[in-house]
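> here is a sequence with its predicted model. Questions after.
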Amino acid sequence: MENMPQAAEKLLYGPEMVETSISLNSPYEYEPLPSKTHTRLLILNYGTGEDILVGSIKTVDLDGSELDSFEAISYVWGSDEKEQSILIDGRSLPITNSLREALLQTRLPEKPRTLWADSICINQDDTIEKGHQVFAMGRIYKASRRTLICLGLEPHHAEKAREAAALINDVAAMIEDVLRDLSSTDEYDTFPWPSENDPFVVDTRWLSAREFLVRHPWFERGWVVQEAALGSEAVIHWAGAHIEWMSLLKVEIWLCYRAAPSRRSELEPLTDIRALHSNNFNLRRREEARAFVDESLESNNQASTTLSLLQNARRMKLTDPRDRIYAFMALKTRDGVMAGLNLQPKYARPHQEVFYEFAVKYLEKTSDLKILTHVDHEEEGLTRLFGVPSWVPQWDNGANAAPLHSHDFCEPFSFSDHQPNITNIIEGSKLRLRGVLVSPVRYASRRIVKNLEDPTAEVLTLWWEVMAEMTKGSGPLKEHLTLAFLDAICIGRFRGEEAAWKEAEKALARYLELNKDADQLQQSSQGPRIYQDAHRVLLLAIDRSDNRRVVVLEQGFIGVTSAAARQGDLCAFISGLCCPLILRPVSGKADHYMLVGNAYVVRGTFVADGEVSTLRLHEDYEDWIEEYLPAQNIILV
């Protein structure tokens, strides 16, 4: 608060003027909480406009029989600089600009409002209290009457906010009307498809307003996932407009599964509201969500597993790397493991120790080796482990959040002399496994860097470098080398209809082989449509392979793996996993390896019904692997 007097002054408590004899420069001091089940609530005094923020703190017991009704605030923390203040019980408490705006946005004009705001209700300077409060945060949001999602008051956003709110309300009302008319919302994929000219599909507000809304920094913040998901309801407050959170998620489901396929080139980039947010709708409105998906996609309507939750969260922004675990502890998971680990947040510990504790507890509880497939070391990652084993996922390292494998659709490797999913942690931190070494890495490309403005140049350059290496020797991919390369850098994924995607891949492969650039591709005799489809392949490829490397194995297999991979590393199968790993031998120690990351590897192609398909390394491995490759002990350090 600038230019505030040192002595007694008249302060605004709402619209009224009252006297106080307390020095305005006297800082607010937190009283210790009585127990781990207690928290603080902010009673925010009423006021309007730029009236001074004034309130009081009340300590409450979450286990108490008469817990006060309150609302929880969710906002973007932004800068850590505390340039503003709020008067708490007559004393000054520094707050950030973003919190001040959130409080102004939620303050009522004529009566006090009871709120929970993390940076006020938690003593941020007390790491022990902070750990206890973070552990209780799930309970706090569940106990709240609603979550107030504060996106700001900026007047120049008011028109877009009104447009977005109107669009979401209109489409949500349409969806509800259709669902009421359906004979049963328990059935799959019953929601009708709109025409390409449907008024809602062609509505210009998708691009002008809705896109602006979901590009708000709030949607990128990690903590807001549980803040929006756990309350009984949530409402977005944005520049004077109010949007029901569940209405937005409902509209996103329709946009993703119905509208976008009709106008894919314009609307597909808009369907990326974080999967963790959309998962909230699938859990709460499962019957409604079923109406939009085929039964084969039922897993989309279930909670994430613990590991997929943390993997998807790599996309989210978090200031403290320890919160890569702590910010998601309260969320429901399909396997129920996260809640059962009983992790106690400890902000005095280095984040590497937090990741290690999670990995050890996860393995002890589940014996699930899939945690190893979430190791994805960056270029210099193996040189910066800070005493933590290489097999512990570093959830903060900026690795590509797109997984290299979907474990829902493959069987784990199992060798005749070893029962899968039996693991031993030895000598404190080593992981003893059983597996086979398939092949050395003959070549590792430069690290791939996403360039969405010119993905053609990135993929063309990469293709020529890899092709130069692939043509040096013989191998099983000679006949359809370019398609194998595209399948590898797309990680075997496709968007839209599979048949149309294969045609786009074939078109792109032809142009790569003819050394055409983007302009020649667009000006081809087949017209802009081929360019548009091929461009979609390029965008997916550069997204999936970003911050990774293409590798060529000694047998001529081609794949994609972590940025830390290099020539001389080894590709291995591990009993209990359904995808190969890349290992690095430890000098002077037999059977000891560092884990570089997992890999997606193409080992062959075949023609079926006139279409070329790829054979991945992890598919149909039983017919060749144990016959030629002996199983051995593998100790990860």
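That came through fine.

> against which helices or strands is the strand ranked longest in the chain packed?
Ranked by residue count under DSSP state E, the longest strand found in the chain is strand 592-608. Of the remaining helices and strands, those touching strand 592-608 by 3 or more CB pairs under 8 Å, 6 or more residues apart in numbering; DSSP states H and E are helix 481-489, strand 548-553, strand 558-562, strand 570-574, strand 581-585, strand 611-616, strand 632-636. All C-beta spots, glycine's among them, are computed from the backbone N, C-alpha and C.

> and it, what's buried?
592-605 (16 or more other CB atoms under 10 Å).

> next: stretch 239-256.
Neighbour count says stretch 239-256 has 239, 241, 243-256 buried, by 16+ other CB under 10 Å.

> cool, and stretch 490-498?
Here stretch 490-498 shows 490-492, 494-495 as buried, counting by 16+ other CB under 10 Å.

> could you do stretch 108-126 as well?
112-123.

> before we move on, back to that, which one of the helices and strands packed on strand 592-608 lies nearest to residue 346?
strand 632-636 (25.4 Å; CB to CB).

> can you give me the offset of the closest one from its chain's centre?
32 Å (CA atoms, centre = their mean, to the nearest Å).

> just use 146 as the starting number from now, easier for me
With 146 as the first residue, the last one maps to strand 777-781.

> from the contact counts, what lies against it?
strand 575-589, strand 737-753.

> try it again with 10 Å
strand 569-571, strand 575-589, strand 715-719, strand 726-730, strand 737-753 (3 or more CB pairs under 10 Å, 6 or more residues apart in numbering; DSSP states H and E).

> and the direction of it versus that of strand 737-753, what angle?
120 degrees (axes from the mean of the first three to the mean of the last three CA atoms, to 10 degrees).

> pairing partners for strand 777-781, with directions?
strand 575-589 (antiparallel), strand 737-753 (parallel) (DSSP bridges).

> mind saving the C-alpha coords of the helix or strand just after the first one as PDB?
The helix or strand immediately downstream of strand 575-589 is helix 600-615, counting by DSSP states H and E. Taking only C-alpha atoms (Å, rounded to 0.1, in the frame of the first residue of the first chain), the coordinates of helix 600-615 have been written out as PDB:
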ATOM      1  CA  PRO A 600       7.600 -28.400 -39.100                       C
ATOM      2  CA  THR A 601       8.300 -29.300 -42.700                       C
ATOM      3  CA  ALA A 602      11.900 -28.100 -42.500                       C
ATOM      4  CA  GLU A 603      12.500 -29.800 -39.200                       C
ATOM      5  CA  VAL A 604      11.200 -33.200 -40.500                       C
ATOM      6  CA  LEU A 605      12.900 -32.900 -43.900                       C
ATOM      7  CA  THR A 606      16.200 -32.300 -42.300                       C
ATOM      8  CA  LEU A 607      15.800 -35.100 -39.900                       C
ATOM      9  CA  TRP A 608      14.600 -37.500 -42.600                       C
ATOM     10  CA  TRP A 609      17.700 -36.900 -44.800                       C
ATOM     11  CA  GLU A 610      20.000 -37.400 -41.800                       C
ATOM     12  CA  VAL A 611      18.400 -40.600 -40.800                       C
ATOM     13  CA  MET A 612      18.100 -41.900 -44.300                       C
ATOM     14  CA  ALA A 613      21.800 -41.400 -44.800                       C
ATOM     15  CA  GLU A 614      22.400 -43.600 -41.900                       C
ATOM     16  CA  MET A 615      19.800 -46.200 -42.800                       C
END
